[in-house]
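In: Any chance you could fold what I've pasted below:
(one chain, ligands or ions: 1)
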Amino acid sequence: MRTRPLKVALLGCGVVGSEVARIMTTHADDLTQRVGAPVELAGIAVRRPGRVRDGVPAELITTDATALVKRGDIDVVVEVIGGIEPARALITAAFEHGASVVSANKALLAQDGAALHAAAEQHGADLYYEAAVAGAIPLVRPLRESLAGDKVNRVLGIVNGTTNFILDKMDSSGAGYSEALDEATALGYAEADPTADVEGFDAAAKAAILAGIAFHTRVRLDDVYREGMTEVTAADFASAKQMGCTIKLLAICERAADGRSVTARVHPAMIPLGHPLASVREAYNAVFIEAEAAGQLMFYGPGAGGSPTASAVLGDLVAVCRNKLAESTGPGESAYTRLPVSPMGEVVTRYHISLDVADKPGVLAQVATVFAEHGVSIDTVRQQGKDGEAALVVVTHRAADAALSATVEALRKLDTVRGVASIMRVEGEKGE
Ligand SMILES: NC(=O)c1ccc[n+]([C@@H]2O[C@H](COP(=O)([O-])OP(=O)(O)OC[C@H]3O[C@@H](n4cnc5c(N)ncnc54)[C@H](OP(=O)(O)O)[C@@H]3O)[C@@H](O)[C@H]2O)c1
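Out: Just a heads-up that it's a prediction; the model follows:
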């Protein structure tokens with residue numbers, strides 16, 4: 001066993017960083033055994049040095065993250081600051097100074113993953129980021145390593161705990177969106193500004209990372225189609241229930257049937273109650289991976305929180321330290337397939353469309369004609385009258401998103417259609 005310690009710089013000591021520091025300190029002996037050398041916390045960069053941080057050695061705190069990274073004796077930099085800058089500059093400087101990097105930064109990796117991987121490779125360093133996708137749940141490593149010999153065709157999952165908590169509350173209590181968001185905020189599941197979660201940005205960043213690794217290509221945040229869940233209503237849940245479904249905010253990454261392109265999207269969708277993702281409650285995350293040889297795999301667990309996320313960071317830290325000792329690196333970026341990312345219009349799925357229409361004869365035929373003219377085949381239609389008006393709920397067979405959008409556009413122009421109350425995709429049905 002080597003006695004000279006591997007030195008770790010911790011950038012950030014907030015929700016995740018403080019737990020990383022705690023586990024590194026309390027599990028120091030185990031880490032030494034597992035790595036094959038002592039792993040020493042050499043410095044901790046923060047923004048507010050005066051803040052009380054229980055259990056964190058005060059002498060290690062600094063506000064000069066750049067100087068810490070450039071010290072020259074640092075073997076591994078753990079970046080848990082978040083955001084684009086200064087995280088990007090610090091990670092780049094870490095590589096330039098010979099350190100490997102462990103990061104939990106989904107926003108940065110979804111935006112600049114390719115450039116960061118290139119910098120790591122140029123300097124013979126590792127870049128690991130298991131914690132950037134779904135907290136404690138192992139996904140990056142299973143995709144990068146365990147499934148490296150298989151062909152992944154689909155990744156489908158719930159990768160944002162805040163939105164799952166809100167949708168679960170709406171489902172179980174009949175609450176509206178605002179009421180459920182208030183409860184999530186009060187319980188600490190939603191941040192004061194929940195935009196990144198409820199508008200799907202956080203899930204889209206994770207979808208970009210997962211799609212890139214799963215399909216061995218480059219997928220950036222901008223390539224991911226994104227719809228938030230703020231428009232989901234109690235009426236949508238009532239409709240979903242009538243169809244034996246619930247509603248989840250899903251991240252869906254797919255290889256096209258002809259294998260020549262991929263898609264990545266985040267949006268609310270109805271899924272059958274019998275689907276395993278339907279029973280993912282509260283703030284839990286779960287991800288389905290469908291691979292040619294392996295079949296369906298499901299990964300489930302806490303997708304956020306200081307301690308679960310720190311678990312993923314520590315797993316990466318051990319792997320990177322072992323690589324350092326072996327004077328090697330782990331798997332870098334694999335983007336050799338260079339598959340293009342198709343636009344949302346080419347995605348094929350089923351739709352649930354709720355229309356407010358005039359309650360008079362011939363309306364149904366008119367609506368059905370519009371669907372037929374656009375090549376969108378109807379599976380079921382349900383009509384409910386209310387005060388001279390009627391609600392028409394149409395569920396389609398699988399159709400291209402562009403065809404569905406054109407259908408809805410044409411429906412809006414019909415005199416008898418008063419409004420399109422909701423459009424929701426239907427996912428996860430048998431045979432898909
Ligand atoms: N929280 C989760 O559940 C979770 C889950 C998965 C992934 N992540 C990712 O983990 C990362 C960290 O998240 P977090 O929740 O731990 O954030 P956080 O609680 O806001 O902590 C951020 C830390 O970074 C420090 N910091 C901010 N700007 C800095 C600067 N310019 N120089 C040095 N330090 C700076 C802050 O210092 P002060 O303490 O002095 O303010 C704080 O310690 C993010 O990339 C996030 O996306 C978080």
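
In: how about residue 396, what does it touch?
Out: By CB atoms under 8 Å, 6 or more residues apart in numbering, the contact set of residue 396 is 350-351, 353, 371, 376-379, 404. (Glycine included, C-beta is placed from N, CA and C.)

In: Make a PyMOL selection of the buried ones in the residues you listed.
Out: Typed into PyMOL, the line below selects the buried ones among those, using 16 or more other CB atoms under 10 Å:
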select buried, resi 350+351+353+371+376+404
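
In: Just the residues contacting stretch 92-103, thanks.
Out: Contacts of stretch 92-103 (CB under 8 Å, 6+ apart): 9, 66, 69-72, 74-80, 87, 91, 109, 116, 119-120, 122-123, 125-129, 131-132, 313, 316-317, 320, 323-324, 329.

In: picking up where we left off before, of the contacts of residue 396, closest to residue 422?
Out: Using CB to CB, residue 353 comes nearest to residue 422 of those, at 7.4 Å.

In: ok, now which ones touch the closest one?
Out: By CB under 8 Å, 6+ apart, the residues touching residue 353 are 393-396, 408, 411, 420, 422-424.

In: and the stretch 301-432 of the chain, which residues reach the ligand?
Out: Contact residues (CB under 6 Å from any ligand atom) of the stretch 301-432 of the chain with the ligand: 304-305, 309.

In: For the residue of the stretch 251-400 of the chain found nearest the ligand, what is the enclosing helix or strand?
Out: As assessed by CB to the nearest ligand atom, the ligand sits closest to residue 304 within the stretch 251-400 of the chain, at 3.4 Å. Using DSSP states H and E, residue 304 falls within no helix or strand.

In: Please report phi then psi for it.
Out: Phi and psi for residue 304, reported as degrees, to the nearest 10, are phi -160, psi -170.

In: For stretch 165-183, buried residues please.
Out: Using 16+ other CB under 10 Å as the test for burial, stretch 165-183 gives 165-171, 175-177, 180-181, 183.

In: Render the CA-only coordinates of that stretch in CSV, please.
Out: The C-alpha coordinates for stretch 165-183 follow below in CSV (Å, rounded to 0.1, in the frame of the first residue of the first chain):
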residue,chain,number,x,y,z
PHE,A,165,-43.1,15.0,-6.1
ILE,A,166,-45.5,17.7,-7.5
LEU,A,167,-47.1,15.4,-10.1
ASP,A,168,-47.5,12.6,-7.5
LYS,A,169,-49.3,15.1,-5.1
MET,A,170,-51.6,16.2,-7.9
ASP,A,171,-52.4,12.6,-8.7
SER,A,172,-52.9,11.4,-5.2
SER,A,173,-54.8,14.4,-3.7
GLY,A,174,-56.5,16.0,-6.8
ALA,A,175,-54.5,19.2,-6.0
GLY,A,176,-53.8,21.8,-8.8
TYR,A,177,-50.3,22.6,-9.9
SER,A,178,-49.8,25.7,-7.7
GLU,A,179,-51.1,24.0,-4.5
ALA,A,180,-48.8,21.0,-5.1
LEU,A,181,-45.8,23.3,-5.8
ASP,A,182,-46.5,25.2,-2.5
GLU,A,183,-46.4,21.9,-0.6
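
In: can you tell me which of the contacts of stretch 92-103 are in helices?
Out: 66, 69, 87, 91, 109, 116, 119-120, 122, 313, 316-317, 320, 323-324 (DSSP state H).

In: still on that earlier bit, now restrict the contacts of residue 353 to buried residues only.
Out: 393-396, 408, 411, 422-424.

In: Could you check which residue of this protein lies nearest the ligand?
Out: residue 14 (1.9 Å).

In: what's across from the nearest residue to residue 31 once chain neighbours are set aside in the sheet?
Out: Excluding its sequence neighbours, the residue lying closest to residue 31 (CB to CB, 6 or more residues apart in numbering) is residue 39, at 4.8 Å. Partner residues in beta bridges with residue 39, using DSSP bridges, are residue 6.

In: who's in contact with residue 39?
Out: Going by CB under 8 Å, 6+ apart, residue 39 touches 5-6, 8, 24, 28, 31-32, 317, 321.

In: could you redo the last one with a cut-off of 10 Å?
Out: Contact analysis of residue 39 by CB atoms under 10 Å, 6 or more residues apart in numbering lists 5-8, 24, 27-28, 31-32, 75-76, 314, 317-318, 321, 324.

In: Can you name the residues of the stretch 1-150 of the chain sitting close to the ligand?
Out: 11-17, 45-48, 51, 65, 80-82, 86, 104-106, 131, 135.

In: Kindly supply the ChimeraX command isolating those of the residues you listed that are buried.
Out: To isolate the buried ones among these in ChimeraX, judged by 16+ other CB under 10 Å, type:
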select :11,12,13,16,17,45,46,65,80,81,82,86,104,105,106,131,135
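
In: Out of the residues of the stretch 1-150 of the chain next to the ligand, list just those in helices.
Out: Judged by DSSP H, helices contain the following of those: 15-17, 65, 106.

In: most remote residue from this protein's center?
Out: Relative to the mean C-alpha coordinate of the chain, counting by CA atoms, centre = their mean, the farthest residue is residue 361 (46.0 Å).

In: what pLDDT does that residue get?
Out: Predicted confidence (pLDDT) for residue 361: 88.

In: Which parts of this protein are helices?
Out: For the chain, the helices defined by DSSP H occupy 15-26, 28-35, 65-69, 87-96, 106-122, 140-141, 161-173, 177-186, 195-198, 201-215, 234-242, 306-325, 363-373, 401-412.
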